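# Below are the sequence and a predicted model; questions follow.
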Amino acid sequence: MIGALGTFVALRHPHYRRFWWGGLVSLTGTWMKVTALAWLVYDLTGSPLMLGTVTFAQTLPTMVLSLVGGALADRSEKRHALVATQATFLAVAATLAFLTLTDRIEVWHILALSAVTGISSALDMPARQSLIPYLVARENLLNAVALNSAVFNGSRIFGPALAGLMIDQLGGRSGAGWCFAVNAVAYLAVIGALLAIPVNSRPDGAERQNIVSAVRDGVAFVYGSPPLRTLIALLAVAGTFGFSYTVLMPVFAKDVLSVPAGGFGMLLTFNGIGATAGALMVATFRPARPGLLILATLLAFLATLAVFALTTTYALSLAAMVGVGGAMVAYMASTNTTIQSMVPDALRGRVMSIYILAFFGTAPFGGLIMGSLASALGARAAVLIGVAVCGVAVLLLRSVVLVGSNRSG
């Protein structure tokens, strides 16, 4: 059945299929944690700025260390690195569960554990991205990358809804604690999958190059390619001013839409439904002009995000979240697959670490900017300002994206 569907062609490969299913289970738990943690922070503090500060604590290490993580990914056995990082995530989730369920949780605990998560993520994400070529045939690589995005976002359909339900039914902080406990157990799925995949994912002839030199080579490769450089720059602007809307979701749920934790979870679930659809679209179709798809999906994201910021109707907000999620992930997946098509295997970890830096590494500043703007002007104004900044970036960079990435695609 899988073989008959071009959308899922990469799942024909048993190693990738095992990795994909393990990721689906663990990421569902991760989205439960993300939802519960945001709700818990806002419940403890009532501060939009603190939501941004927690994001800053988690993503600052990613910004600082992701290039090192990429260099290490290009010279290491990626499965072993991923087992270590996933075990660290498990320990963080278990600690959050213990502190919350025993009513000992404080904001400084969350900040410290978020920093640990960020350090592990800086090593995890480049290894995860660069492992995929070892699990599928080369002709199925772009499909596998898109399906990886689909599983990341498909887990958002169930994770936030389950978290919201548990918080409502079990009581605010107790429900959040059990979400963290479920997250800890879910990591066993992907750890088991990684241990069961019998592949050597250390590059042949990987050089024991100085880390600084290895990082410099990766940066030089990206900087020397105008299409890559422009795609990364546009992604960095979108990551800072556009994707940071997620930091303010608890504020929209409580203060703008006046919905409980279950309603907050449903907002993220509808966002995940759209995100999954967007990723599957990219997995199914190979556009003749990838640059046009990149720009079109980014503009669609900005338009639907503006609608979300302006509406006070819950039903319309849910509908807008579908569009926001779908367009955002289609933009991310099309950018990812376009970049992957330009990169040699020997540099893949380092180039993808720069991609990760542009996406996740900008979140510390994006979270603080959005939190500060929301505290001063309100959540809706903060999001609309971010939309405007991203729109200006599209206007300035559109010609290079269209010409460079279309030629490369």
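Noted; the coordinates are in hand.
# Give me the buried positions along the strand or helix carrying Ile339.
Assessed by DSSP states H and E, Ile339 sits inside helix 314-342. Buried residues in helix 314-342, counted by 16 or more other Cβ atoms under 10 Å: 314, 317-340, 342. (Glycine included, C-beta is placed from N, CA and C.)
# what's the following helix or strand after it?
Taking DSSP H and E, what comes next after helix 314-342 is helix 348-359.
# quick one, strands of this protein?
Counting by DSSP state E, the chain has no strands at all.
# Settle this for me: Thr284 is touching Thr7, isn't it.
Yes - if you go by Cβ atoms under 8 Å, Thr284 and Thr7 touch, sitting 4.4 Å apart.
# Same drill for those two, tell me which one is more crowded.
Thr7 (18 against 14; other Cβ atoms under 10 Å).
# which ones are touching that one?
Going by Cβ atoms under 8 Å, 6 or more residues apart in numbering, Thr7 touches 143, 280, 283-284.
# before we move on, the earlier item: which helices and strands does the helix holding Ile339 pack with?
Packing partners of helix 314-342 (3 or more Cβ pairs under 8 Å, 6 or more residues apart in numbering; DSSP states H and E): helix 141-170, helix 226-237, helix 261-284, helix 290-310, helix 348-359, helix 406-408.
# what is the mean pLDDT for it?
In this model, helix 314-342 carries a mean pLDDT of 88.
# same question, stretch 91-99
Mean predicted confidence for stretch 91-99 is 95.
# Any chance you could list what contacts that stretch?
Contact with stretch 91-99 is made by 29, 33, 37, 105, 109-110, 113, 116-117, 120, 177-178, 180-181, 183-184, 187, as judged by Cβ under 8 Å, 6+ apart.
# List buried residues within those.
Buried, going by 16+ other Cβ under 10 Å: 29, 33, 37, 105, 110, 113, 116-117, 120, 177-178, 180-181, 183-184, 187, out of the contacts of stretch 91-99.
# which of the contacts of Thr7 sit farthest apart?
In these, the most distant members under the criterion Cβ to Cβ are Asn143 and Leu280, with 10.5 Å between them.
# Arg380 contacts Val307, doesn't it?
No - contact between Arg380 and Val307 fails when scored by Cβ under 8 Å: they sit 11.3 Å apart.
# Have a look at these two and say which one is more surrounded.
Between Arg380 and Val307, counted using other Cβ under 10 Å, the more crowded position is Arg380 (20 against 16).
# and the gap between the more buried one and Leu295?
To Leu295, Arg380 is 26 Å away according to Cβ to Cβ, to the nearest Å.
# which helix is the longest one in the chain?
In the chain, taking DSSP state H as the definition, the longest helix is helix 14-45.
# which secondary structure elements does it contact?
helix 48-73, helix 78-101, helix 107-131, helix 141-170, helix 172-196, helix 249-251, helix 261-284.
# The closest residue to Pro198 other than its chain neighbours: neighbour count?
Excluding its sequence neighbours, the residue lying closest to Pro198 (Cβ to Cβ, 6 or more residues apart in numbering) is His15, at 7.8 Å. Neighbour count of His15, defined by other Cβ under 10 Å: 17.
# same deal with the one 3 residues further on?
Residues near Arg18, counting by other Cβ under 10 Å, number 17.
# likewise Ala388?
12.
# quick one: it from Asp255, how far?
Going from Ala388 to Asp255 by Cβ to Cβ gives 22 Å.
# Ser155 too?
27 Å.
# Looking at the two, which one has more neighbours?
Ser155 (24 against 16).
# Would you confirm that the more buried one contacts Trp20?
No - look at Ser155 against Trp20 with Cβ under 8 Å: they stay out of range, at 11.3 Å.
# quick check: angle from the helix holding Ile339 to helix 141-170?
150 degrees (axes from the mean of the first three to the mean of the last three Cα atoms, to 10 degrees).
# Just give me the neighbour total for the nearest residue in space to Val343 that is not next to it in sequence.
Once flanking residues are discounted, Val343 sits nearest to Val351: 4.7 Å by Cβ to Cβ, 6+ apart. Neighbour count for Val351, taken as other Cβ under 10 Å: 26.
# check contacts around Leu234.
By Cβ under 8 Å, 6+ apart, the contact list for Leu234 reads 294, 298, 335, 393-394, 397, 401.
# Make sure Ala122 is actually in contact with Leu60.
No - contact criterion Cβ under 8 Å: Ala122 and Leu60 do not qualify, at 9.8 Å.
# Compare neighbour counts for the two and give me the winner.
More crowded of Ala122 and Leu60, by other Cβ under 10 Å: Ala122, with 28 against 21.
# List the residues that contact that one.
Contacts of Ala122 by Cβ under 8 Å, 6+ apart are 61-62, 64-66, 68-69.
# Buried members of those residues into ChimeraX, please.
A single ChimeraX command is used to select the members of the contacts of Ala122 judged buried by 16+ other Cβ under 10 Å:
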select :61,62,65,66,68,69
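# Pick the one among the contacts of Ala122 closest to Phe264.
For the contacts of Ala122, the nearest to Phe264 is Thr62 (24.8 Å; Cβ to Cβ).
# ok, that closest one touching Ile356?
Yes - using Cβ under 8 Å, Thr62 is in contact with Ile356, at 7.0 Å.
# which residues are in contact with both of the two?
Here Thr62 and Ile356 share the contacting residues Met125, scored by Cβ under 8 Å, 6+ apart.
# Make sure the residue nearest to Val343 is actually in contact with Ala220.
No - judged on Cβ under 8 Å, Val351 makes no contact with Ala220 at a distance of 10.8 Å.
# residues contacting the residue nearest to Pro198?
134-135, 197-199.
# try Arg173
40, 43, 100, 103, 105.
# okay, it: pLDDT?
The score at Arg173 is 83. That number is its pLDDT.
# same deal with Thr284?
Per-residue pLDDT puts Thr284 at 77.
# Can we start the residue count at 20 from this point?
With 20 as the first residue, the last one maps to Thr303.
# how close does it sit to Arg147?
23 Å.
# wait, Leu321 sits on Gly410?
Yes - between Leu321 and Gly410 there is a contact at 5.9 Å, judged by Cβ under 8 Å.
# Same drill for these two, tell me which one is more crowded.
Using other Cβ under 10 Å, the more surrounded residue of Leu321 and Gly410 is Leu321, with 24 against 17.
# can you tell me how far the more buried one sits from Tyr206?
For Leu321 relative to Tyr206 (Cβ to Cβ), the value is 34 Å.
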